[in-house]
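>>> Build the 3D model from these lines:
(chains A and B)
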Amino acid sequence: ETGVTQTPRHLVMGMTNKKSLKCEQHLGHNAMYWYKQSAKKPLELMFVYSLEERVENNSVPSRFSPECPNSSHLFLHLHTLQPEDSALYLCASSQDWGGRTDTQYFGPGTRLTVL
Amino acid sequence: AQSVAQPEDQVNVAEGNPLTVKCTYSVSGNPYLFWYVQYPNRGLQFLLKYITGDNLVKGSYGFEAEFNKSQTSFHLKKPSALVSDSALYFCAVRDMRGGATNKLIFGTGTLLAVQP
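Residues are numbered from 1 along each chain as shown, chains lettered A, B, ... in the order given. Prediction:
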């Protein structure tokens, strides 16, 4: 395994529900990422945290709300989602945000289905 | 424009034969290039990266990639394919816009199918 864990692995929710995705990294990294992976589309970077500060927010709808309480944990809070938000949500971490040669290590993902 | 292209949606190869998964890129400045593999219902696993130096980069599971600056390519190769290599492969390039960040631009992926 990569040292990045995600829970839950699968999630089915209605459009009015509120749920959260959790990511934890055991690599001692300083940067953490949320990606959305949809079929037939490139990975979409959603958010980046560096040393618990949000440094990237790629025009993501407000129904997705990230939280990074410490450098090892990252959450994605979900509310009033749409069916088109159904996708695989991947968490990743790297040593630093400013390290151009750093490798990003990914978790197994959460498969989200919005009914 | 900063971009990466994987021209083949799917590559089919017989077990034991050599395989190549193609990737071309477009960036300003020196490229930093990565290959990842994704098995079904799993996240992306890092295979190898090119930062500088030798144009032939060796990675995990017997994979290697050849950096070709004149052709702006970074093709993934393996001398002898295994059925277990069947997976989705992603090429990525560091996005050089916006200063020193770790942002990656990913290709759309190539599905490798190795037939026994």
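
>>> can you list the weak-confidence ranges in chain B?
Scanning chain B for pLDDT under 70 picks out the ranges B:99-100.

>>> correction: chain A
Looking at chain A by pLDDT under 70, you get A:1.

>>> And the strands in it?
For chain A, the strands defined by DSSP state E cover A:4-7, A:10-13, A:18-25, A:31-37, A:44-50, A:53-57, A:64-70, A:73-79, A:87-94, A:105-106, A:110-114.

>>> my read: residue B:25 touches residue B:34, true?
No - between residue B:25 and residue B:34 there is no contact under C-beta atoms under 8 Å: 10.5 Å. Any C-beta I mention is one placed from the backbone N, CA and C, and that applies to glycine too.

>>> list residues touching both of the two?
Common neighbours of residue B:25 and residue B:34 (criterion: C-beta atoms under 8 Å, 6 or more residues apart in numbering or on different chains): B:91, B:93.

>>> of the two, who's got more company?
Taking neighbours as other C-beta atoms under 10 Å in any protein chain shown, residue B:25 and residue B:34 compare with residue B:34 leading, 25 against 21.

>>> Strand partners (parallel or antiparallel) of the host helix or strand of the more buried one?
Using DSSP states H and E, residue B:34 sits in strand B:33-38. Strand B:33-38 has the following strand partners under DSSP bridges: strand B:44-50 (antiparallel), strand B:87-94 (antiparallel).

>>> which residue sits closest to the residue of chain A positioned farthest from its centre in space, ignoring its chain neighbours?
Most distant from the centre of chain A: residue A:101, at 21.2 Å, with distances by C-alpha atoms, centre = their mean. Distances taken as C-beta to C-beta, 6 or more residues apart in numbering or on different chains put residue B:51 closest to residue A:101, at 4.8 Å, once the chain neighbours are dropped.
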